[in-house]
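1. Quick check, what structure comes out for this input:
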Amino acid sequence: MMLCRLIIAVSVLAMPLPVHAATEESQAWLTEMVTIKAGPADIITIDSSQRARSDGRSGGEQFLSRIAIDHRIAPAVQLGGGFAYLKSEADEELRLFQQVTLTKGIWQSRTRMEQRFFDTVDAPVWRLRQRLQASVPIDAAKQWTMVAATEIFFHLNRGRPNDKTGLATMRHQIGLRHPIAKGVDAQLLYMRQQSFRDGRPDVVSHVPWLTLSWRI
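-> Predicted coordinates for the structure are as follows:
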């Protein structure tokens with residue numbers, strides 16, 4: 001029953017907002033992630049992503065590397081932060097971020113604030129990201145887990161005069177996670193990403209996303 005309700009809820013969340021003459025594109029993402037338990041309440045996460053994109057006008061292929069440290073301050077609450085580096089064919093970006101993660105049962109909520117520094121912009125661009133994820137085991141041995149998530153991005157200021165503020169991007173994801181070796185999981189998701197643009201058609205991206213995760 002819980003699984004059925006989750007599928008229905010995710011289906012409703014994933015319904016596209018009205019789009020007029022949206023531009024469609026295909027992408028493919030590959031992420032490698034290492035999670036290190038640095039202490040009883042501290043976790044270090046290091047990840048890198050390669051993103052192949054069919055629309056070269058949006059910046060072409062991307063490479064992202066990121067490191068984060070999270071500290072548990074209560075059984076269901078983590079505070080953390082870190083930095084990331086992103087390079088595309090169009091520009092380079094350095095990000096600083098702070099985040100709070102809440103966990104209860106199958107649910108996980110993450111609120112992340114980012115300060116984004118571009119090589120072509122003098123002032124940092126501030127972005128707020130709100131993510132909600134559910135992870136539901138679907139077999140008795142708990143070897144297969146269905147993962148469903150939605151994430152909303154808000155731009156809080158303009159780095160350039162023509163930048164958009166407010167709701168910028170919405171992501172919906174659904175897929176499966178399965179252990180493939182001791183301490184190693186593989187997760188394969190489908191992601192629908194909608195980027196909202198003023199005065200131009202939105203961009204809707206369809207993304208198969210494979211993540212390999214190591215726990216140390």
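
2. Leaving out the residues flanking it, which one is nearest to the residue nearest the centre of the chain?
-> Centroid-nearest residue in the chain: residue 151, 7.0 Å away (criterion: C-alpha atoms, centre = their mean). Counting by C-beta to C-beta, 6 or more residues apart in numbering, residue 151 lies nearest to residue 131, which is 4.1 Å off, once chain neighbours are set aside. All C-beta spots, glycine's among them, are computed from the backbone N, C-alpha and C.

3. Residue 149 now?
-> residue 133 (3.9 Å).

4. so residue 32 sits right up against residue 45, yeah?
-> No - here residue 32 lies out of contact with residue 45, judged by C-beta atoms under 8 Å, at a distance of 11.5 Å.

5. Quickly run through the sheet partners of the one helix or strand the residue nearest to residue 149 maps to, with directions.
-> Assigned by DSSP states H and E, residue 133 falls within strand 125-137. Strand pairing for strand 125-137, determined by DSSP bridges: strand 107-118 (antiparallel), strand 145-155 (antiparallel).

6. ok, which stretches of the protein are helices?
-> Secondary structure of the chain (DSSP state H): helices at 2-13.

7. separation between the residue of the chain most remote from its centre and residue 181?
-> What lies farthest from the middle of the chain is residue 140; by C-alpha atoms, centre = their mean that is 28.5 Å. Counting by C-beta to C-beta, to the nearest Å, the gap between residue 140 and residue 181 amounts to 21 Å.

8. was I right about residue 136 contacting residue 145?
-> Yes - using C-beta under 8 Å, residue 136 is in contact with residue 145, at 6.5 Å.

9. Which one's more surrounded, those two?
-> residue 145 (19 against 15; other C-beta atoms under 10 Å).

10. Do you know the pLDDT at that one?
-> As predicted, residue 145 sits at a pLDDT of 98.

11. For it, which residues are in contact?
-> Contacts here follow C-beta atoms under 8 Å, 6 or more residues apart in numbering; on that basis residue 145 touches 135, 136, 137, 138, 176, 177, 178.

12. Quick check: bridge partners of it?
-> residue 137, residue 177.

13. Contact partners for the residue nearest to residue 149?
-> 107, 108, 109, 110, 147, 148, 149.

14. what do you get for residue 215?
-> Per C-beta under 8 Å, 6+ apart, neighbours of residue 215: 35, 37, 183, 184, 185.

15. Then residue 27?
-> 51, 52, 53, 54, 193, 205, 206, 207.

16. Against residue 126, how distant is residue 49?
-> Distance of residue 49 to residue 126, given as C-beta to C-beta: 22 Å.

17. Next: residue 70.
-> In terms of C-beta to C-beta, residue 70 sits 21 Å off from residue 126.

18. Compare the two and say which is more crowded by neighbours.
-> Comparing residue 70 with residue 126 by other C-beta under 10 Å, the one with more neighbours is residue 70, at 21 against 16.

19. you'd agree that one is up against residue 80?
-> Yes - counting by C-beta under 8 Å, residue 80 is a contact partner of residue 70 at 3.4 Å.

20. That'll do, ta.
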